[in-house]
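K.L.:
model this:
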Amino acid sequence: MIFRRLPALLAVVLCLQGQARGSEPPESPQILEGRRVIFRLKAPEAESVQLKGIHRTLLDMKRGRHGIWSVTVGPMDPGIYEYSFMVDEEQMIDPSNPSIKPELNPDISLLEITTDTPLFYQWRDVPHGTVHLHSYFSQSLKRLRRVRVYTPPGYEHHPAGKYPVLYLFHGTGDTEATWTEFGRAHLILDNLLAEGKTAPMLLVMPDGHADLQEEEGDHKANFVKFEADLLGSVLPLVDGCYRTIASPEGRAINGLSMGGMQSLDIGINHPDLFAYIGGMSAYVPDAEDLLRPGFHNPHGNDEIKLLWVQIGKDDFLLKEAEKFHALLTKHGLRTQWTLTAGGHEWPVWRQYLRDFAPLVFRPERAPAPAP
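P.N.:
Numbering: from 1, shown residues only. Sure, this is the predicted structure:
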């Protein structure tokens, strides 16, 4: 693995050496008028450099003076883009750009294009909440872990009020930071609240990777350990540190891809803890395993206020999701199932959070925060 990355690492080292000799690092990305963007990389020893992620195909970059490669794209639509450089066929981040997508093995840089009319997940001039970072000792895993908690605008000014909580999970390869740094979950909630479209709530975003020895494609051990950590350490931490409605009616659970499997698995099998359950493009390789041995559901969804599942028509997990939906129907679980446009990608999941948040903790469904 290390040797495969040597060309990319060499490009970074050469770039830093050039900076140390007094040369200025190339500006990248540089946003021009008309939302055109120049991407640059200093890699004098490279034989080829390409831009990955902005278009469906790789874009060849042109070598210029002092070994600086560049390419201009656009005009680009407003949004958040992920991109990287392919240096002699090895992927690397943009060393001139400090904005990096949070991942277990980061190799993707981020670019945001804004306009005078921000998108629903971009910063607007509205009241904003706060994202808190907690380190905690997991009782089940016996090691330090991290979790992010969003509190809505006004939380600090209403010391008697209690709030419901949405537990929000990330996908494979991501971290507890991805939903805020890339998904912009906190800004989605801020904007929905400003529009009066959702109830004030906390967002809790834990680290979904509980099994450090997890093998690619085998998530079962990770699911078991994650659930133990969530129920044994994260829920007590949140209910102990924040003013929460610590009842099923005050808790929702949702996630994307791997996190979608985690949220559906934990939520459906723990209606005593979560009344609102969702799954975004959920990874469900063995649908029958989700309903654990001894699962009985004589009363349908009576304990569940909402069982919500969405997936894109171009998602590679669609067939498994359809089998999962059929299984829920077989067991008498009523679902709000929606097939949407799009594939297995973040523009879809941001929209899903925007769709899901207004459906939970509404006054007619759950207690509102105390005054």
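K.L.:
in stretch 153-169, what counts as buried?
P.N.:
153, 155, 163-169 (16 or more other C-beta atoms under 10 Å). Where C-beta positions appear, they are placed from N, C-alpha and C, glycine not excepted.
K.L.:
so how far does that stretch reach from one end to the other?
P.N.:
22 Å (C-alpha to C-alpha, to the nearest Å).
K.L.:
tell me the mean pLDDT over it?
P.N.:
Throughout stretch 153-169, pLDDT has a mean value of 92.
K.L.:
want to throw the buried residues of stretch 153-169 into CSV with distance to Tyr121 and secondary structure?
P.N.:
Formatted as CSV, these follow (distance: C-beta to C-beta, whole Å; DSSP: H, G, I helix; E, B strand; the rest coil):
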residue, distance to Tyr121, secondary structure
Pro153, 17, coil
Tyr155, 21, helix
Tyr163, 22, strand
Pro164, 21, coil
Val165, 21, strand
Leu166, 16, strand
Tyr167, 20, strand
Leu168, 14, strand
Phe169, 18, strand
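K.L.:
Quick check: of those residues, which lies closest to Ser233?
P.N.:
The shortest gap between Ser233 and any of the buried residues of stretch 153-169 belongs to Tyr167, at 12.8 Å (C-beta to C-beta).
K.L.:
returning to that earlier point: which of the buried residues of stretch 153-169 lies closest to Glu112?
P.N.:
Out of these, the member with the shortest distance to Glu112 (by C-beta to C-beta) is Leu168, at 21.0 Å.
K.L.:
what residues are up against the closest one?
P.N.:
179, 185, 203-205, 254-255, 259, 353 (C-beta atoms under 8 Å, 6 or more residues apart in numbering).
K.L.:
which SS state does Ala357 fall under?
P.N.:
helix (DSSP: H, G, I helix; E, B strand; the rest coil).
K.L.:
Quick check, it in contact with Asp190.
P.N.:
No. Checked against C-beta atoms under 8 Å, the pair Ala357 and Asp190 is beyond contact range at 11.1 Å.
K.L.:
Show me which of those two is the more surrounded one.
P.N.:
Neighbours were counted for Ala357 and for Asp190 using other C-beta atoms under 10 Å; Ala357 has more, 24 against 21.
K.L.:
and that one, what is it in contact with?
P.N.:
Residues in contact with Ala357 (C-beta under 8 Å, 6+ apart) are 166, 188-189, 192, 197-198, 201.
K.L.:
With Gly183 instead?
P.N.:
Contacts of Gly183 (C-beta under 8 Å, 6+ apart): 121, 170, 346, 349-350, 353.
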